[in-house]
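1. Requesting a structural model of the entry that follows:
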Amino acid sequence: MPGPPSPSSAGADLGVGDPRQSLGSFGTGAPLARPWGNELSLSSLVLARGAGPGQHEVKTSRDISTQGGADGCVHRHLAISSCYSPRPFRPSGVWTVLRGLWRLLWSAPAEHGTAVPRGDGALVQSHMLDSKRHSHITTVLISFFFGLLFLHGLCQTYPQLRPNVVLVIHGGAGAKLRSEIGEGEEEAYRAGLRSALEAGYQVLQKGGSSLDAVETSIRVMEDSPLFNAGKGAVFTSQGTNELDASIMDGRTLMAGAVAGVQRIKNPISLARLVMTRSPHVLLAGDGAETFARQQGIELVDPKYFFTEKRWQELQKAREAEQPKMPSASPRGELQPTGPPTPESGTVGAVALDTTGNLAAGTSTGGMTNKRPGRIGDSPIIGAGTYANNHTCAVSATGRGEYFIRLAVAHDVSALMEYKGLPLKEAASQVIGKVTKLGGEGGVIALDRSGNMATPYNTPGMFRAYIGSDGKAVIKIFQE
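-> This is a model prediction of the structure:
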């Protein structure tokens, strides 16, 4: 009858080293005594596979025996104890935790265990998880997963279950008095505002971002000849159209703007590309249009922006500039007696989406009869447009020079951040500063809680909004 295998053959058989070296007293390195005699039956100490130090698994076996050697050490199968080095589980990161959870749930629960030392030096098996517990945990996780799917379906079917979304838009301050505007003209403006409002709000209802909603609403107004932006832009003193726009993300504080463009159908979309696809914030003139071509933005013939209404406004402004009866100033200088150049409005939008992010955007054709190259507040971040999730989103309209000098849009945010003012009070104070300085205009503002403010100091301001109640409101005058 063959004798017990030599230490070297045992080690080779198991893929380990000298069993005398591998058999330790679990961390001390001392030889393991043989308290059990020459014959030892092992039922649960065959290594199935290793998963790194402290993570080995032991597979039960009922027909394996090991013989003790005459030198007092156990050879062959017991040598696998050298591969087990118990170590407490200390997660080092999210990946470690997830990996441990995966192994816990999907290991065969009745057949796996952890070998631990007993007081007399023997090894015993401690089962990690029984089958009933495994089944229970699996059921809970599956139920949780399908519960999330159910809630997601409810939110898609019933948008009111989502966090409140809010959209506020404006079509410019400086509206005529109610007595000076015809009924048909008023209805046309209300219809235009409604179209822009509903288009942007649909984006929010479908889970779109506040940036998408702002861009969508403004594009609708840019495509309408009613508003001073895009198609309805006013003329410069040379009879050309120069358009400006800007957009800002309240989550990242990223912003983009364009100024003085003459062939861009929708400047707000180009402004967004400046924000997302360039390292810059503001591009102007030919440089902006070159960038637009590179990005595939639609360019149009400058004649696209011609409207008879805006052309007649330019003619009236030119006539008003001609001094009919010059009068002497206190210094003896001749002063024109005609009225000042009429001002036209701007369009803008601010939005709050389902994730709680704010965004703001503004687009304009500027002032009727302005000098070529003049740039107002609309493309200036902090003057005509500003958004910050910690405070508010603002879009301004009015005489741009005053709004630039007062950094109107940012000032609303600053009053909220530094003085802790509520949105309405901050916006009203800022428009008060504009009035005191001699300027005219207004702002629309929105905070992360869905609070709105629309102060202005002109006879009216084209504005519309859908609040947390989902109801559309459209206003022009003090109503």
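2. since we're on residue 432, how many residues are nearby?
-> Residue 432 has 12 neighbours, counted by other C-beta atoms under 10 Å. (Each C-beta comes from the backbone N, C-alpha and C, glycine too.)
3. my read is it is in a strand, agree?
-> No - secondary structure of residue 432 (DSSP: H, G, I helix; E, B strand; the rest coil): helix, not part of a strand.
4. Residue 417 versus that one, what's the distance?
-> 19 Å (C-beta to C-beta, to the nearest Å).
5. Tell me where the model's unsure across the stretch 51-200 of the chain.
-> 51-138, 140, 143-145, 148, 151-163, 175-177, 179 (pLDDT under 70).
6. How many residues are close by residue 146?
-> 10.
7. tell me the secondary structure for it?
-> helix.
8. who touches it in this structure?
-> Contacts of residue 146 were listed using C-beta atoms under 8 Å, 6 or more residues apart in numbering, and none were found.
9. Distance-wise, check it relative to residue 164.
-> 27 Å.
10. repeat for residue 206
-> For residue 206, the distance to residue 164 equals 15 Å [C-beta to C-beta].
11. Residue 225 too?
-> 34 Å.
12. Ok, residue 303 next?
-> Residue 303 is 44 Å from residue 164, by C-beta to C-beta.
13. Ok, residue 239 next?
-> 46 Å.
14. Settle it for me: which of those two has more neighbours?
-> Set residue 239 next to residue 164 and count neighbours by other C-beta under 10 Å: residue 164 wins out with 16 against 13.
15. so the more buried one makes contact with residue 452?
-> No - taking C-beta atoms under 8 Å as the definition, residue 164 is not a contact partner of residue 452, at 11.8 Å.
16. which residues are common contacts for those two?
-> Common neighbours of residue 164 and residue 452 (C-beta under 8 Å, 6+ apart) do not exist.
17. Tell me where the stretch 351-479 of the chain has strands.
-> 358-364, 385-387, 392-398, 441-447, 452-453, 461-466, 472-475 (DSSP state E, counting those that start in this stretch).
18. As a markdown table, the ones you listed with distance to residue 377, mean neighbour count and mean pLDDT would be great.
-> Formatted as a markdown table, the strands of the stretch 351-479 of the chain follow (distance: least, C-beta to C-beta, whole Å; neighbours: other C-beta atoms under 10 Å; pLDDT from 0 to 100):
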| stretch | distance to residue 377 | mean neighbour count | mean pLDDT |
| --- | --- | --- | --- |
| strand 358-364 | 8 | 32 | 98 |
| strand 385-387 | 8 | 32 | 98 |
| strand 392-398 | 6 | 32 | 97 |
| strand 441-447 | 9 | 29 | 98 |
| strand 452-453 | 18 | 23 | 98 |
| strand 461-466 | 15 | 25 | 97 |
| strand 472-475 | 23 | 16 | 96 |
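19. among those strands, which is nearest residue 198?
-> strand 472-475 (7.2 Å; C-beta to C-beta).
20. Can you name the residues in contact with the closest one?
-> Against strand 472-475 from outside (C-beta under 8 Å, 6+ apart): 190, 193-194, 197-198, 201, 461, 463-467.
21. Can you give the strand pairings for it, parallel or anti for each?
-> Using DSSP bridges, strand 472-475 pairs in its sheet with strand 461-466 (antiparallel).
22. contacts for the partner strand?
-> Under C-beta under 8 Å, 6+ apart, the answer for strand 461-466 is 166-175, 189, 193-194, 196-197, 201, 227, 345, 397, 442, 444, 452, 454, 472-476.
23. could you redo the last one with a cut-off of 6 Å?
-> Strand 461-466 has contacts (C-beta atoms under 6 Å, 6 or more residues apart in numbering) with 167-173, 175, 189, 193, 197, 201, 442, 452, 454, 472-476.
24. now swap in stretch 174-187 and tell me
-> With C-beta under 6 Å, 6+ apart, stretch 174-187 has contacts from 343, 345, 458-460, 462, 476-477.
25. what distance separates the start and the end of it?
-> End-to-end distance of stretch 174-187 (C-alpha to C-alpha, to the nearest Å): 17 Å.
26. how many other residues sit next to residue 196?
-> Neighbour count for residue 196, taken as other C-beta under 10 Å: 27.
27. hang on, it packs against residue 218?
-> No - Residue 196 lies out of contact with residue 218 (C-beta atoms under 6 Å); the separation is 7.5 Å.
28. Isn't residue 228 up against residue 234?
-> Yes - counting by C-beta under 6 Å, residue 228 touches residue 234, with 5.5 Å between them.
29. ok, now which ones touch residue 395?
-> So residue 395 contacts 348, 350, 360, 362, 385, 444 (C-beta under 6 Å, 6+ apart).
30. who does the residue lying closest to it once chain neighbours are set aside bridge with?
-> Nearest residue to residue 395, sequence neighbours excluded (C-beta to C-beta, 6 or more residues apart in numbering): residue 348, at 3.0 Å. For residue 348, the beta-bridge partners are residue 170, residue 362 (DSSP bridges).
31. Remind me which helix or strand the nearest residue to residue 297 once chain neighbours are set aside belongs to.
-> With C-beta to C-beta, 6+ apart as the criterion, residue 297 has its nearest non-adjacent residue at 5.3 Å, and that residue is residue 270. Using DSSP states H and E, residue 270 falls within helix 267-277.
32. which secondary structure elements does the helix or strand following that helix contact?
-> Next along the chain after helix 267-277, taking DSSP H and E as the criterion, comes strand 282-284. With contacts defined as 3 or more C-beta pairs under 6 Å, 6 or more residues apart in numbering; DSSP states H and E, the packing partners of strand 282-284 are strand 255-261.
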